[in-house]
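Peer 1: heads up, no residue letters with this:
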Ligand code: 9MR
């Protein structure tokens, strides 16, 4: 164990030396829009300078004083190893810190890049603008950001969820314009479809050639459903390509993805009845064509939710779309105004995981559960204390709830009391 911890620290130091990209704040225009209906702004602050790297040969490395030692925590990835992958959305701030990294490695076996694998980090505007005619249908991409993520994930033994290929947000507008110039208006549908196909092809082929087997699932399309009705209209994809952009994205993804890479549609509030109906209606033909492997339910939820209603929605997807996988891709549970919110949050984390295991016992393929961030202060829902760890890496009751869901330890203590 000690050796493993040291190795993790050394790899963290190596990745840091290799350079870990920029801050985790998004630069896109709508990066700060609330996107889960909670009315909360997406917040990720620029990285603070974080602690020193572990000295290479020093086995007596200790945490800096601002961090709590975590070696005695139970490990979620160990506890849930026969159930599903258990993941964390990781920002560059985590990647740049040996302490955060150590906790993430101990607890999780799946990695999602919080921002660094999104189109705005991959599409290469400078090269595109250098010769718009040449790049009209095949927009250049740059892999630096993805490479940093995948090197980190590989060095720390994480499997990776690829997030995300086709999304209305964090995708630069210039990608949709004639000659990449806003003044010239949108390209036509056929050109945009070529751009989409080539983007998907490039990213899927490059990741597979360079890191075969590392990425187990891709969010091929993210958040195409509207919060009011039907498909989201405020999307350049919808505007330029039209309603079938989701279908096309999955068709291309299937064409270029390696066999072991699962193709997911991912959305928030995907458990809400009306939105679910709309999602199912546009996913059905895609599932029937054999191009959909699963639905990612983001699960940015609050203490108002009863796990049973969420779990019924999971069943509905499987009933309607056939033998698909379900992954919980971005779980976080915001607090409410009550004094005992931490206890309530613990119970909901616990009930949520218990519900997922019950579904699994009924044969539903729950294959991965990801928490959207490591510590409360780094969450996009900053101020809502939605995660399992405090800023100093101490565990919250929420963490114990997830442990108790599988060990049953809290139940027996309650019974004994
Ligand atoms: O957590 C991400 C945050 O750092 C970014 O500012 C934000 C920009 O849109 O995206 C956040 O992650 C989102 C994810 O990619 C898709 N589902 C909603 C997540 C929270 O907004």
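Peer 2: Great, that's in hand. All figures in this text were calculated on a predicted structure; none of them were measured in a lab.
Peer 1: State the next helix or strand along the chain beyond the worst-scoring helix or strand of the chain on mean pLDDT.
Peer 2: Confidence across the helices and strands of the chain bottoms out at helix 2-18, with a mean of 43, counting by mean pLDDT, DSSP states H and E. Downstream of helix 2-18, the next assigned helix or strand under DSSP states H and E is helix 76-79.
Peer 1: what does that following helix contact?
Peer 2: Applying Cβ atoms under 8 Å, 6 or more residues apart in numbering, the set of residues contacting helix 76-79 from outside is 86, 106, 107, 108, 109, 402, 403, 406, 407. Quick note: C-beta positions are derived from backbone N, CA and C, even for glycine.
Peer 1: export the residues you listed to CSV and tack on pLDDT?
Peer 2: Putting the contacts of helix 76-79 into CSV (pLDDT from 0 to 100) gives the following:
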residue, pLDDT
86, 98
106, 97
107, 98
108, 98
109, 98
402, 98
403, 98
406, 98
407, 98
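Peer 1: Mind checking which of the residues you listed are in strands?
Peer 2: Using DSSP state E, the members of those that fall in strands are residue 86.
Peer 1: Tell me the buried residues within the contacts of helix 76-79.
Peer 2: 86, 106, 107, 108, 109, 402, 403, 406 (16 or more other Cβ atoms under 10 Å).
Peer 1: If we only consider these, which is nearest to the ligand?
Peer 2: Using Cβ to the nearest ligand atom, residue 108 is the member of the buried ones among the contacts of helix 76-79 that sits closest to the ligand, with 16.1 Å.
Peer 1: residue contacts, that closest one?
Peer 2: For residue 108, the contacting residues are 76, 77, 86, 87, 88, 158, 371, by Cβ under 8 Å, 6+ apart.
Peer 1: which residue packs closest to the fourth one, ignoring adjacent ones?
Peer 2: If you skip the residues right next to it in sequence, residue 87 has residue 110 as its closest partner in space, 2.9 Å away by Cβ to Cβ, 6 or more residues apart in numbering.
Peer 1: Settle this for me: that neighbour is touching residue 81, isn't it.
Peer 2: No. Residue 110 is not in contact with residue 81 according to Cβ atoms under 8 Å; the separation is 11.8 Å.
Peer 1: These two: who's more crowded?
Peer 2: residue 110 (26 against 12; other Cβ atoms under 10 Å).
Peer 1: Identify the residues contacting the more buried one.
Peer 2: Applying Cβ under 8 Å, 6+ apart to residue 110 gives the contacts 85, 86, 87, 88, 158, 159, 160, 161, 216, 368, 370.
Peer 1: Mark which of those residues are part of strands, please.
Peer 2: Counting by DSSP E, the part of these found in strands is 85, 86, 87, 88, 159, 160, 161, 216, 368, 370.
Peer 1: residue contacts, the second one?
Peer 2: What that stands for is residue 86. With contact set as Cβ under 8 Å, 6+ apart, residue 86 has these partners: 76, 77, 80, 107, 108, 109, 110, 368, 369, 370, 371.
Peer 1: quick one: the helix or strand residue 94 falls within near the ligand?
Peer 2: Assigning secondary structure by DSSP H and E places residue 94 in helix 92-95. No. Using Cβ under 6 Å from any ligand atom, no contact is recorded between helix 92-95 and the ligand, whose separation bottoms out at 10.3 Å.
Peer 1: Burial check on residue 363, number of neighbours?
Peer 2: Using other Cβ under 10 Å, the number of residues around residue 363 comes to 8.
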